[in-house]
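>>> Using only what follows, build the 3D model:
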Amino acid sequence: MLRLLLTIVTAVSLGARAFAQTPSEARAVLSPEERVITRAVDSENARTLALLQRIVDINGGTMNFAGIRRVGDVLRAELDSL
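So this is what the prediction gives:
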């Protein structure tokens, strides 16, 4: 979950300047701290997307209490591992 949040925060912080350029140009305008964050996000991208897919595939609609508990269990395992 922390990795997912880091991904979102990084995407927002990079803003339009990174998306308007090629990847190598975008990296050139990043601060050293942003480069570290970008590498961390890139290295966890596949795992983070798999976690997101796993959560999205659970039927956790408002009245589906079993599904809501399953989503909670998945997120609890992620948070407990921190």
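
>>> Please make it C-alpha for all contacts and neighbour counts, starting now.
Noted.

>>> Output the below-cut-off pLDDT ranges for the protein.
Filtered on pLDDT under 70, the chain yields the residue ranges 1-27.

>>> in it, which spans are helices?
Using DSSP state H, the helices of the chain run over 2-19, 23-28, 32-56, 65-80.

>>> buried stuff in the last one?
By neighbour count, and taking 16 or more other Cα atoms under 10 Å as the criterion, the buried residues in helix 65-80 are 67-68, 71, 74.

>>> List just the nearest of those residues to residue 51.
residue 74 (8.6 Å; Cα to Cα).

>>> What sits closest to that closest one if chain neighbours are left out?
The shortest distance from residue 74 to any non-neighbouring residue, by Cα to Cα, 6 or more residues apart in numbering, is to residue 55 (7.4 Å).

>>> Closest one to residue 44 out of the buried residues of helix 65-80, please.
Distances from residue 44 to these, taken as Cα to Cα, are shortest for residue 74 (17.3 Å).
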